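J.: The amino acid sequence is not available; the structure is as follows:
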């Protein structure tokens, strides 16, 4: 029993260190962009930023839910919010209530970068049971140029968010296959 407690404490300490290293890596990476204080609007980013701004404007005026765009998209009443998921953009809108627009964008991107590190580590750890392999995989998977391109340079945030959870999808496919649920 004493040995199991020691092993559990050691595992918790190591995993806590890994999470802290992910936080530090994310902070250092995003801090450089925050200091520049510029965000390049290209491709889908103007669309997603308009959606986030509409949520922000509605939150400022006391309305929690957004159904149509009355502040953005030329005040046209576009019903984008009825058909396009907005849940993760609420985080950006809430950040905007605290920080300036550029800082809130980079903090939001950083939150998903951190989440990607955690999800990738957890998924690989569940698959391989090898902490070192999982750590290296999570860093490579998160900092791969395509992921950075989606979030930082092209603003394709739907795909950027989906990229965060892909390792869980592959793990979910793998686990039923090894227990014989799928042929």
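T.: In hand now; what should we look at? What you see is a predicted model; the values in this text were computed from it and never measured.
J.: Name the SS class of residue 40, please.
T.: Assigned with DSSP: H, G, I helix; E, B strand; the rest coil, residue 40 falls in the coil class.
J.: Tell me how many other residues crowd the closest residue to it other than its chain neighbours.
T.: Nearest residue to residue 40, sequence neighbours excluded (CB to CB, 6 or more residues apart in numbering): residue 153, at 6.7 Å. In this view, the C-beta of every residue, glycine as well, is placed from N, C-alpha and C. Applying other CB atoms under 10 Å, we find 14 residues neighbouring residue 153.
J.: cool, and the one 3 residues further on?
T.: Taking other CB under 10 Å as the neighbour definition, residue 156 ends up with a count of 19.
J.: what's it sitting at in phi/psi?
T.: Residue 156 adopts backbone torsions of phi -90, psi 80, taken as degrees, to the nearest 10.
J.: Surely it and residue 46 touch.
T.: No - look at residue 156 against residue 46 with CB atoms under 8 Å: they stay out of range, at 11.7 Å.
J.: And the strand or helix carrying residue 108, what does it pack against?
T.: For residue 108, the host element (DSSP states H and E) is helix 101-128. Identification of packing neighbours for helix 101-128 by 3 or more CB pairs under 8 Å, 6 or more residues apart in numbering; DSSP states H and E yields helix 2-36, helix 87-98, helix 131-143, helix 157-178.
J.: Kindly calculate the angle that it makes with helix 157-178.
T.: Helix 101-128 and helix 157-178 are oriented at 10 degrees to each other (axes from the mean of the first three to the mean of the last three CA atoms, to 10 degrees).
J.: Which positions within helix 101-128 qualify as buried?
T.: Buried residues in helix 101-128, counted by 16 or more other CB atoms under 10 Å: 103-125, 127.
J.: What's the mean pLDDT across it?
T.: Average pLDDT, helix 101-128: 95.
J.: Distance from the chain centre to it, please.
T.: Remark: helix 101-128 is offset 5 Å from the chain centroid, using CA atoms, centre = their mean, to the nearest Å.
J.: Leaving out chain neighbours, which residue sits closest to the residue nearest the centre of the chain?
T.: Using CA atoms, centre = their mean, the residue of the chain that lies closest to the mean C-alpha position is residue 112, 1.7 Å off. Distance criterion CB to CB, 6+ apart; nearest residue to residue 112, sequence neighbours excluded, is residue 164 at 5.5 Å.
J.: Check residue 88 too.
T.: Excluding the flanking residues, the one nearest residue 88 by CB to CB, 6+ apart is residue 161, at 5.4 Å.
J.: number of nearby residues for the one you found?
T.: Residue 161: 18 neighbours (other CB under 10 Å).
J.: What does the pLDDT read for it?
T.: 91.
J.: Cool, thanks, talk later.
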